[in-house]
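Asker: Quick one: sequence plus predicted model below, questions after.
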2 protein chains.
Amino acid sequence: MTAMQRSVVLRRRPVGEPDASDFEIAESLVPTPGAGEVVTRTIWLSIDPYMRGRLWDRPSYAAPVQIGEVMTGETVGEVVASAHPGFAAGDVVLGARGWQSHCVSQGSALTKLDRHAAPLQANLGVLGMPGTTAYSGMKDIGLVKPGETVVISAASGAVGSVAGQLAKRAGARVIGIAGGPDKCLWVQETLRFDDCIDHRVPHLGRALAEACPNGIDVYFENVGGDVQAAAFALLNPFARVIMCGMVAQYNETTPPPGPNLGFVVGKRVHIEGLIVTDKPERFGEWRALASPWVKGGSLHYRETVIDGLENAPQALQMVLSGGNFGKMLVRVGPDHA
Amino acid sequence: MTAMQRSVVLRRRPVGEPDASDFEIAESLVPTPGAGEVVTRTIWLSIDPYMRGRLWDRPSYAAPVQIGEVMTGETVGEVVASAHPGFAAGDVVLGARGWQSHCVSQGSALTKLDRHAAPLQANLGVLGMPGTTAYSGMKDIGLVKPGETVVISAASGAVGSVAGQLAKRAGARVIGIAGGPDKCLWVQETLRFDDCIDHRVPHLGRALAEACPNGIDVYFENVGGDVQAAAFALLNPFARVIMCGMVAQYNETTPPPGPNLGFVVGKRVHIEGLIVTDKPERFGEWRALASPWVKGGSLHYRETVIDGLENAPQALQMVLSGGNFGKMLVRVGPDHA
């Protein structure tokens, strides 16, 4: 195999917003799989807000990417060479990691996909990590009861759009917060949230209060900053806050102060952080539950696709600034070679 | 019955630290009990930080005391007149409420006490609301495992002293934070915490970090402010924070900003507010569990006693400024009339 492998490697740590010049393309021969390994040709690369965290050189729940290392990211790819008995050339698989045209993986880390069950890239979005995050957040922390008010920030995003649709299915009144009229319209018209507030309005707190006359029982946090402050001010006694992300500050070197937590005592609020990989069983549960909904068209999602591996840094920029609409994807190669 | 009843009523809402002049003494005839009612002569009045919250005219989990109303507070008293079949003159009871020499209560709200089971005032402290708060915090939120590191703020207080002793019984390494060398010494020598940090040291964060080389798994929050910031900075993944109180800011008109909550996501921290009356069953459980420990001398506690109902406002000042040492009590009348 003499094909070339292209990889996006970290050239320097971005300060503030990451830029294309913080990365560079490295080329090498496509590797040959060792025993138990599988080499895939990348079709889809997932771009997610958590990736900004991997660019800081500080302790977190996952190790940072080092300078000169290939940037990490989940892919859907086609097997081009296999030294693992469970996989053969032509199989389509989830789980190979890296911003690269070809990945070598342990076969044990891969999941074989059915090409016809759902669009392949749905396995990176609505049926994959972001969808499972929404599901786990609602199942393990949110515990929504019928009639409660649920607020979802980044409501049109890959996580928020699923979280809100699950809250609707649970019988809640669901209010989204999103950036701009197009996203808000889609959240209301297609996702059928009860309302959606544009976080760019001049008086976000007032607008949210008007949309939540009975306060907030569950807040699904993806954003932080002013959006968080507006939602926290409206929390009801015994409210649950699913702390999934705070994308508004991921580029900040020094995070701003947060809310005074006195209200947590008097209102007996439950605030809990969520990293979906802590509960690996949720992935299979969610895929089984949601696949028929996706196939039947009752679970909606939206994608922003950029073509070309070399544009992955731009895709990351977009996801951190709200320039995407729904799940952010890079199409690295054709579906069928 | 022509004896006089003395009551401390709210004269005006304190701004900042409450002062004796914010209250006044009202006199009236001791009431006669109506059907089902009981009149008690107060022996002990409990003074607790939550009382500051009742002086603000703002929504909270309990209604504020109104101007001209008797200030609220739990008492131990002796029955002087009863129109309830379950109580007779001479009985000693818990549950009558009010900063007053005599209280009239529904008999159904009272619990008869055994004069010989424990010192009467222990029913307001180690065996009562503060002790039960510590027990519920540990049982319902803290879930301490052997070998974990537990940090207790206001460690010599009525709640903190019990919380830390429970954590020691659970096999944890327990670090207290308290104000001044006398309290720290007692926490280490008598309560047998592994260490106790004086929050007045110049570099609290560094001192706490040195005392917690393995980070913090459970933080019992009674204080807020700089103490909170120091503890939050050391929280481990999957840490639990019991939000019981933030006494450092109870006199503040405008609470200061709090911590940026980004760490909650990555560390999957669980932060939860605690008001002990939400779980009324915990009171009886704790009394049954802890009474033998108190009698046997294996559960330690400490009290600061002020004599005279008219000094209750000063007692509240003390409890809000850390001028007390252990459970704050006002001795309103003699144990035996």
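Answerer: Now that the structure is in, tell me what you want to look at.

Asker: so residue A:157 makes contact with residue A:220?
Answerer: No. Under the criterion of C-beta atoms under 8 Å, residue A:157 makes no contact with residue A:220, lying 10.5 Å away. Yep, even glycine has a C-beta here, placed from its N, CA and C like the rest.

Asker: what about these two, which has more around it?
Answerer: residue A:220 (36 against 33; other C-beta atoms under 10 Å in any protein chain shown).

Asker: partner residues bridging the more buried one?
Answerer: On the basis of DSSP bridges, residue A:220 is bridged to residue A:152, residue A:242.

Asker: pLDDT averaged over the lengthiest helix in chain A - what is it?
Answerer: If you go by DSSP state H, chain A has its longest helix at helix A:281-296. Confidence for helix A:281-296, expressed as mean pLDDT, is 96.

Asker: Can you give me the domain assignment for chain A?
Answerer: What automatic domain parsing lists as the domains of chain A is A:4-120+A:302-331, A:129-277.

Asker: Let me know the next secondary structure element after the longest helix of chain A.
Answerer: With elements assigned by DSSP states H and E, the helix or strand that comes after helix A:281-296 is strand A:303-307.

Asker: Distance from the chain centre to that following strand, please.
Answerer: 14 Å (C-alpha atoms, centre = their mean, to the nearest Å).

Asker: name the helices or strands packed onto the longest helix of chain A?
Answerer: Applying 3 or more C-beta pairs under 8 Å, 6 or more residues apart in numbering or on different chains; DSSP states H and E, we find helix A:281-296 packed against helix A:129-136.

Asker: wait, does stretch A:12-25 contact chain B?
Answerer: No. With C-beta under 8 Å from any C-beta of the partner chain as the criterion, chain B is not reached by stretch A:12-25; the gap is at least 16.0 Å.

Asker: Endpoint to endpoint, that stretch covers what distance?
Answerer: Its first and final residues considered, stretch A:12-25 spans 13 Å by C-alpha to C-alpha, to the nearest Å.

Asker: repeat for stretch A:133-143
Answerer: The straight-line separation of the ends of stretch A:133-143 (C-alpha to C-alpha) is 14 Å.

Asker: For that stretch, list every residue counted as buried.
Answerer: Neighbour counts over stretch A:133-143 (16 or more other C-beta atoms under 10 Å in any protein chain shown) mark A:133-138, A:141-142 as buried.

Asker: got those as JSON lines, with pLDDT and distance to chain B columns?
Answerer: Shown next, in JSON lines, are the buried residues of stretch A:133-143 (pLDDT from 0 to 100; distance: C-beta to the nearest C-beta, whole Å):
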{"residue": "A:133", "pLDDT": "98", "distance to chain B": "11"}
{"residue": "A:134", "pLDDT": "98", "distance to chain B": "15"}
{"residue": "A:135", "pLDDT": "98", "distance to chain B": "16"}
{"residue": "A:136", "pLDDT": "98", "distance to chain B": "11"}
{"residue": "A:137", "pLDDT": "98", "distance to chain B": "11"}
{"residue": "A:138", "pLDDT": "98", "distance to chain B": "16"}
{"residue": "A:141", "pLDDT": "98", "distance to chain B": "9"}
{"residue": "A:142", "pLDDT": "98", "distance to chain B": "14"}
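
Asker: Distance-wise, check residue A:218 relative to residue B:273.
Answerer: Relative to residue B:273, residue A:218 is positioned 15 Å away (C-beta to C-beta, to the nearest Å).

Asker: For chain A, which residues are neighbours of chain B?
Answerer: A:53, A:60-61, A:224, A:228, A:237, A:243-246, A:249, A:255-262, A:264-275, A:278.

Asker: Of those residues, keep whichever come out buried.
Answerer: Neighbour-count burial (16+ other C-beta under 10 Å) applied to the residues of chain A next to chain B gives A:53, A:60, A:224, A:228, A:237, A:243-246, A:249, A:255, A:258-262, A:264-275.

Asker: was I right about residue A:124 contacting residue A:74?
Answerer: Yes. At 6.0 Å, residue A:124 and residue A:74 qualify as touching, with contact defined as C-beta under 8 Å.

Asker: Parallel or antiparallel, list what pairs with the strand or helix carrying residue A:75.
Answerer: Per DSSP H and E: residue A:75 is located in strand A:74-82. According to DSSP bridges, strand A:74-82 has the following sheet partners: strand A:37-47 (antiparallel), strand A:92-97 (antiparallel).

Asker: The stretch 51-200 of chain A: helices as residue ranges?
Answerer: A:129-136, A:160-169, A:181-189 (DSSP state H, counting those that start in this stretch).

Asker: I'd like the average pLDDT over the strand holding residue A:75.
Answerer: For strand A:74-82, mean pLDDT is 98.

Asker: Also compute the angle for it relative to helix A:129-136, please.
Answerer: 130 degrees (axes from the mean of the first three to the mean of the last three C-alpha atoms, to 10 degrees).

Asker: Give me the contact list for strand A:74-82.
Answerer: Outside strand A:74-82, the residues that touch it by C-beta atoms under 8 Å, 6 or more residues apart in numbering or on different chains are A:1, A:30, A:32-33, A:37-46, A:48, A:87-98, A:102-103, A:107, A:113, A:120-121, A:123-124, A:128-129, A:332-333, A:337.

Asker: With stretch A:326-337 instead?
Answerer: A:41-48, A:75, A:77-78, A:101, A:120-121, A:124-126, A:130, A:156-158, A:161, A:301-309, A:311-312, A:315, A:318-319.

Asker: ranges for the strands of the stretch 201-337 of chain A?
Answerer: Applying DSSP state E, counting those that start in this stretch to the stretch 201-337 of chain A gives strands spanning A:216-221, A:235-243, A:270-273, A:303-307, A:327-331.

Asker: try the stretch 1-150 of chain A
Answerer: Using DSSP E, counting those that start in this stretch, the strands of the stretch 1-150 of chain A run over residues A:4-10, A:23-29, A:37-47, A:74-82, A:92-97, A:102-106, A:111-112, A:149-153.

Asker: Angles on the backbone of residue A:16, please.
Answerer: phi 70, psi -140 (degrees, to the nearest 10).

Asker: For it, give its distance to residue A:320.
Answerer: Computed with C-beta to C-beta, the distance linking residue A:16 and residue A:320 is 10 Å.
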